[in-house]
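Trainee: give the three-dimensional model of this entry:
(one chain, ligands or ions: 1)
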Amino acid sequence: RWSPGNIISDSIARVREQVGRDNVLLGLSGGVDSSVVGALLHRAIGDQLTCVFVDHGLLREGEGDQVMETFGKHMGVRVIRVNAEERFLTALKGETDPERKRKIIGRLFVEVFEEEAGKLQGIRFLAQGTIYPDVIESAGARTGKAHVIKSHHNVGGLPEKMNLKLCEPLRELFKDEVRKLGVELGLPREMVYRHPFPGPGLGVRILGEVTKQYADLLRKADAIFLEELRKHDLYDRTSQAFAVFLPVRSVAVMGDGRRYDYVIALRAVETIDFMTARWSRLPYEFLDLVARRICNEVNGISRVTYDISGKPPATIEWE
Ligand code: XMP
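Mentor: Numbers count the residues shown, from 1 in each chain. Just a heads-up that it's a prediction; the model follows:
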C-alpha cells in the first residue's frame, strides 16, 4: 500500500543497496525535488552524502540562508555553499536577451558545480532529483522554453567526466508524492509546498540587463508580496506568485520633490499544468496593501502594477 512511510523505508533500503559504502554528491538548489532527495539520502546514508549548493545570487530574499539553516544546521547534512553571485553578475553584464541570459546562467551553473565537485575526493555517485514527469518529458520531444527548463540544471556531462554513477531515488514518483515524502522526512512544510521557481531565478524576473541594484530592489518587493500572501492565507490559493522588476522609470512625487523611480509588476496565477494559466483575482484591498508597503519600504520603487494577462498569450514569467 502506498504511504509516505512505506516509500521512505523502501527507498532507503534501495539506496543503501545501490551505493554501499561509497560517497554521494548532490546538487542542492533549494527546490522541492533536490531538497527531498537530500533529506532522503541523509537518512539513508548519513555522512556519505555531500551536497553542493551553488548560490548564483539570483535567489529570493533569505533563500540561501534558509537552505543552509534547514540542511546544515537543522539536519546536520554536509552542505558546501558556493557564493558565486559576482561571477554570475559579471557574466550577465550587458546581456539583455532572455534566452541568452538563460544560457549564460545555465552554463555557468554547471561550470561552478563541476569545479566544486572536482575538489571532492572519493565520490562515486551523483544524486539527482529526477521525478517521474521528468523521465516522461525527456523521452518525448519538447521544444521551446520547456526544453530550456530541463537543460538548465543539467549536469549531464559530469557522470562521464568524473566517472560517476547516477542515484535517482525519486524517479518513479509524482510531484505530490514527492511532497508527501518531504513532509514525512521532516522538511518544513513551507519548503515542500513552495511555488515553482525557475532555475535562472531572478535572472528572468529582471527584464533586460541584470544588475545587483535591480536584484536587491526586486528581492525586497518580492519578499513583501510573498509575506502578505502567506499572512492572508492566499499563498496556497495561487499556483505561482512573484514580483517582476521593470527597468523603466516613472514619475513620482515624494515630499517636495519629483522622483523617477523604477516599477514593480506583481504576477499571481492559478493553473493546473502551467501550460495555461488564469490571473489570480486577488482582493483589491490586499493588492492595495502590498502596493503601499512596497512603495513605502523599497527605496527606489514608487509604482506597482498588477499583471492581468492570461496565458496564453502571456507566459507566466515575463521573460
Ligand atoms: P512560462 O513563463 O513559460 O513558465 O509560462 C511556465 C513555468 O515554467 C517556469 N519557467 C522556468 N523554469 N527554468 C525553469 O526551471 C526556466 O528557464 C523557466 N522559465 C519558466 C515558470 O516559472 C513557470 O512555472
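
Trainee: mind giving me the domain ranges of the protein?
Mentor: Domain ranges of the chain: 4-192, 205-306, per automatic domain parsing.

Trainee: pick out the shakiest of the ones you listed, pLDDT-wise.
Mentor: Ranked on mean pLDDT, the bottom entry among those is domain 4-192, at a mean of 91.

Trainee: for it, what is the distance to the chain centroid?
Mentor: Centroid separation between domain 4-192 and its chain, computed with CA atoms, centre = their mean, to the nearest Å, is 11 Å.

Trainee: and the domains of the chain as TSV, adding mean neighbour count and distance to the ligand?
Mentor: Every residue, glycine included, has its C-beta placed from N, CA and C. As requested, the domains of the chain are exported to TSV (neighbours: other CB atoms under 10 Å; distance: least, CB to the nearest ligand atom, whole Å):
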stretch	mean neighbour count	distance to the ligand
domain 4-192	17	4
domain 205-306	17	4
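
Trainee: show me the one of the ones you listed that comes nearest Gly199.
Mentor: Within the domains of the chain, the stretch nearest Gly199 is domain 4-192; the backing value is 3.7 Å (CB to CB).

Trainee: tell me how far the ends of the closest one are from each other?
Mentor: One end of domain 4-192 to the other measures 14 Å (CA to CA, to the nearest Å).

Trainee: before we move on, what about stretch 205-219?
Mentor: Stretch 205-219: ends 10 Å apart by CA to CA.

Trainee: so how far is Thr305 from Glu227?
Mentor: Here Glu227 is placed at a distance of 19 Å from Thr305 (CB to CB, to the nearest Å).

Trainee: Ala84 too?
Mentor: 32 Å.

Trainee: show me what contacts Ala127?
Mentor: 24-26, 37, 41, 49, 166-169 (CB atoms under 8 Å, 6 or more residues apart in numbering).

Trainee: that one pairs with what?
Mentor: Leu26, Cys167 (DSSP bridges).

Trainee: tell me, how many neighbours does Pro200 end up with?
Mentor: Neighbours of Pro200 under the rule other CB atoms under 10 Å: 27.

Trainee: report the secondary structure state of the closest residue to it other than its chain neighbours.
Mentor: Nearest residue to Pro200, sequence neighbours excluded (CB to CB, 6 or more residues apart in numbering): Ile105, at 4.4 Å. Following DSSP: H, G, I helix; E, B strand; the rest coil, the label given to Ile105 is helix.

Trainee: my read: Ile105 touches Pro198, true?
Mentor: No - the criterion here is CB atoms under 8 Å, and Ile105 misses it with Pro198 at 9.7 Å.

Trainee: helix, strand or coil for Arg124?
Mentor: strand.

Trainee: pretty sure it contacts Arg21?
Mentor: No - assessed by CB under 8 Å, Arg124 is found out of contact with Arg21, at 9.4 Å.

Trainee: between these two, which contacts overlap?
Mentor: In contact with both Arg124 and Arg21: no residue, using CB under 8 Å, 6+ apart.

Trainee: sorry, back to before: so what's the residue nearest to Pro200 up against?
Mentor: 56, 58, 88, 91-92, 152, 199-201, 203.

Trainee: with Tyr262 instead?
Mentor: 214, 217, 245-249, 300-301.

Trainee: which helix or strand contains it?
Mentor: Per DSSP states H and E: Tyr262 is located in strand 257-270.

Trainee: strands along the protein, start to end?
Mentor: 23-27, 49-55, 78-83, 123-127, 165-167, 240-254, 257-270, 278-279, 301-306 (DSSP state E).

Trainee: partner strands of the second one, with direction?
Mentor: To tie it back to what came earlier, the one meant is strand 49-55. With DSSP bridges as the test, strand 49-55 pairs up with strand 23-27 (parallel), strand 78-83 (parallel).

Trainee: how about TSV for those, with distance to Ser3 added?
Mentor: Formatted as TSV, the strands paired with strand 49-55 follow (distance: least, CB to CB, whole Å):
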stretch	distance to Ser3
strand 23-27	25
strand 78-83	29
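
Trainee: quick one, which of those strands is nearest to Val67?
Mentor: Of all the strands paired with strand 49-55, strand 78-83 comes closest under CB to CB, at 7.3 Å.

Trainee: other residues contacting that closest one?
Mentor: By CB under 8 Å, 6+ apart, strand 78-83 touches 28, 47, 49-55, 57, 64, 67-68, 71-72, 112, 116.

Trainee: so who does the closest residue to Gln48 other than its chain neighbours touch?
Mentor: In space, and not counting its chain neighbours, Gln48 is closest to Asn23: 5.1 Å by CB to CB, 6+ apart. Asn23 is in contact with 48-50, 120, 122-125, counting by CB under 8 Å, 6+ apart.

Trainee: recalculate using a threshold of 10 Å.
Mentor: 45, 47-50, 120-125 (CB atoms under 10 Å, 6 or more residues apart in numbering).

Trainee: ok, it to Glu85 distance?
Mentor: For Asn23, the distance to Glu85 - CB to CB - is 28 Å.

Trainee: perfect, I'm done here.
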